[in-house]
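Enquirer: would you be able to build a 3D model of this:
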Amino acid sequence: MAEQRLGDLQERSGLVATDTSAVDRPEPLASFIVCTHNRAGALDACIKSIEAACRCHAAVTSELVVVDNASTDDTARRLIQIAARSTIPMTVVTERRPGLAAARNAGMERSCGRILIFVDDDCEIDQHYLKNLEQHYATGERRTIRGGRVELGCPRDLPFTIKRSPTPARFTPISIRAASY
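Expert: Numbering: from 1, shown residues only. Reported below is the predicted structural model:
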């Protein structure tokens with residue numbers, strides 16, 4: 001799978017990358033899906049934070065699926081370089097249809113994990129993310145939507161998109177209805 005995506009990127013960019021997937025690796029429990037559009041500069045920090053979390057809690061087998069969503073900047077070339085040195089199995093997908101929904105759907109189609117983790121391309125996750133995730137699933141809940149503390153990554157982001165409180169919060173049907181007007 002990764003060979004095909006990396007091969008496509010190599011063909012378009014003229015660069016060579018190393019396939020980071022292994023034929024005999026176990027099915028991942030978690031799939032990190034990063035969708036990106038013209039943010040080549042932000043990808044290194046984002047992916048390094050995911051790799052650090054995977055190293056910190058290696059008991060949770062993980063993979064990384066990065067979807068290049070019709071980027072016109074240096075994203076394709078940057079992803080080849082990142083994939084060549086990635087410390088976790090990584091698949092690069094090119095999605096030519098613009099839009100986050102198309103990119104996320106492409107990422108889900110290529111992911112193999114039972115747990116899908118969507119990370120914005122300009123965010124960095126905490127190194128203990130997977131340990132915390134494992135604790136959430138230990139409660140027996142089958143379907144969980146989680147969020148976490150979000151710091152301002154780009155000054156152009158609107159303030160209402162930022163959750164800076166370290167206190168966990170739980171959405172209930174009442175809070176969802178109140179927020180959906």
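Enquirer: contact partners of stretch 44-52?
Expert: For stretch 44-52, the external contacting residues (CB atoms under 8 Å, 6 or more residues apart in numbering) are 32, 34, 62, 64, 66, 78, 82, 86-88, 119-127. Yep, even glycine has a C-beta here, placed from its N, CA and C like the rest.
Enquirer: inside strands: which ones of these?
Expert: Of the contacts of stretch 44-52, the ones assigned to strands by DSSP state E are Phe32, Val34, Ser62, Leu64, Val66, Val119, Asp120.
Enquirer: which residues does Ile82 contact?
Expert: Leu43, Asp44, Ile47, Val66, Met90.
Enquirer: list the beta-bridge partners for the nearest residue to Gly113 once chain neighbours are set aside.
Expert: Of all residues not flanking Gly113 in the chain, Ser31 sits nearest, at 3.2 Å (CB to CB, 6 or more residues apart in numbering). Counting by DSSP bridges, Ser31 is bridged to Glu63, Leu116.
Enquirer: residue contacts, Ser31?
Expert: With the criterion set at CB under 8 Å, 6+ apart, Ser31 makes contact with Ser62, Glu63, Leu64, Val65, Gly107, Ser111, Cys112, Gly113, Ile115, Leu116, Ile117.
Enquirer: how about the strands of this protein, start to end?
Expert: So, for the chain - with DSSP E - the strands run 30-36, 62-69, 90-95, 115-120.
Enquirer: look up how far Thr91 lies from Gln127.
Expert: Going from Gln127 to Thr91 by CB to CB, to the nearest Å gives 23 Å.
Enquirer: in the protein, where's the longest helix?
Expert: Secondary structure of the chain per DSSP state H: the longest helix is helix 40-56.
Enquirer: rewinding a little: so which of the contacts of Ile82 is the most crowded?
Expert: Counting neighbours by other CB atoms under 10 Å, Val66 leads the contacts of Ile82 with 31 neighbours.
Enquirer: for that one, what are its contacts?
Expert: Counted by CB under 8 Å, 6+ apart, Val66 has contacts 33-36, 43, 47, 79, 82-83, 90-93.
Enquirer: gap between it and His136?
Expert: In terms of CB to CB, Val66 sits 24 Å off from His136.
Enquirer: burial check on the closest residue to Leu130 other than its chain neighbours, number of neighbours?
Expert: What sits nearest to Leu130 in space, not counting adjacent residues and going by CB to CB, 6+ apart, is His57, at 3.8 Å. When neighbours are defined as other CB under 10 Å, His57 has 18 of them.
Enquirer: tell me who's in contact with His57.
Expert: Each residue near His57 by CB under 8 Å, 6+ apart is listed here: His128, Tyr129, Leu130, Lys131, Glu134.
Enquirer: skipping adjacent residues, who's closest to the fourth one in space?
Expert: Here the nearest residue to Lys131 in space, its sequence neighbours aside, is His57; by CB to CB, 6+ apart that works out to 4.7 Å.
Enquirer: understood, closing this out.
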